[in-house]
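Engineer: Could you look at this predicted model? Sequence included:
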Amino acid sequence: MTEQELNNAMRAHGDTVYRLALCRLQNTADAEDVYQDVFLRLLEQGANRWDGEHLKAWLIRTTLNRCADLGRRRRGTLTLEEIPDMAHPVDEAAEELWDAVSRLPEKLRTAVHLFYGEGYESGEIGVLLGVPAATVRGRLRRARAELRDLLGGFDDEESLPETDGCHPCAYRAE
């Protein structure tokens with residue numbers, strides 16, 4: 001892989017790698033370490049023939065694996081104020097929601113981030129996490145129930161959007 005190809009991959013998918021690492025680890029220093037390590041591993045892979053979706057899937061899987069490795073050794077939490085500006089919600093309601101998301105168990109938090117923050121479907125998330133799509137849907141359902149309890153929300157699950165509510169700074173590269 002050339003330096004230019006690495007720069008292109010970092011430009012196209014760097015935000016996704018960093019946000020996912022921050023979501024999983026909830027520590028900026030660790031998220032930065034994961035970001036660096038993932039792209040160094042990409043450089044070693046020689047992945048210049050991978051198409052965009054294969055590359056992104058590899059980066060997400062590698063990020064999740066690296067986060068799991070770090071998570072076994074270190075634990076720490078951040079306040080919302082310590083998260084870089086790119087991760088700050090635009091309004092108070094979004095801030096309250098994403099603060100509640102940060103209090104979810106890791107598996108639920110990751111599913112919520114990939115679904116709402118990155119725009120992946122449950123089947124795609126299942127492939128990335130190595131679990132059935134039904135497991136992802138179950139995690140999303142449990143996450144919504146926990147968020148409803150944390151936020152004192154709706155009694156009717158139909159009131160909760162399935163595809164709306166993306167993190168304001170999140171986007172899915174096409």
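Structural biologist: Arrived safely.
Engineer: contacts and neighbour counts: CA atoms only from here.
Structural biologist: Will do.
Engineer: Can you name the next helix or strand after the worst-scoring helix or strand of the chain on mean pLDDT?
Structural biologist: Least confident element among the helices and strands of the chain, by mean pLDDT, DSSP states H and E: helix 92-102 (a mean of 79). Counting by DSSP states H and E, the element after helix 92-102 in chain order, helix or strand, is helix 106-112.
Engineer: Buried residues, that next one. List them.
Structural biologist: Leu108, Arg109, Thr110, Ala111, Val112 (16 or more other C-alpha atoms under 10 Å).
Engineer: Over to stretch 126-141?
Structural biologist: Buried residues in stretch 126-141, counted by 16+ other C-alpha under 10 Å: Gly126, Leu128, Leu129, Ala133, Thr135, Val136, Arg137, Arg139, Leu140, Arg141.
Engineer: Among those residues, which lie within strands?
Structural biologist: Counting by DSSP state E, no part of these is found in strands.
Engineer: who are the neighbours in contact with the residue most central in space within the chain?
Structural biologist: Nearest to the mean C-alpha position of the chain, by C-alpha atoms, centre = their mean, lies Leu20 at 3.1 Å. By C-alpha atoms under 8 Å, 6 or more residues apart in numbering, the contact set of Leu20 is Ile60, Thr63, Leu64, Thr110, His113, Leu114.
Engineer: ok, back up a step: output the buried residues of stretch 126-141 in JSON lines, with pLDDT appended to each entry.
Structural biologist: Formatted as JSON lines, the buried residues of stretch 126-141 follow (pLDDT from 0 to 100):
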{"residue": "Gly126", "pLDDT": "91"}
{"residue": "Leu128", "pLDDT": "88"}
{"residue": "Leu129", "pLDDT": "89"}
{"residue": "Ala133", "pLDDT": "93"}
{"residue": "Thr135", "pLDDT": "95"}
{"residue": "Val136", "pLDDT": "94"}
{"residue": "Arg137", "pLDDT": "95"}
{"residue": "Arg139", "pLDDT": "94"}
{"residue": "Leu140", "pLDDT": "95"}
{"residue": "Arg141", "pLDDT": "95"}
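Engineer: And these, which is closest to Glu96?
Structural biologist: Closest to Glu96 out of these is Leu140 (18.1 Å), distances taken as C-alpha to C-alpha.
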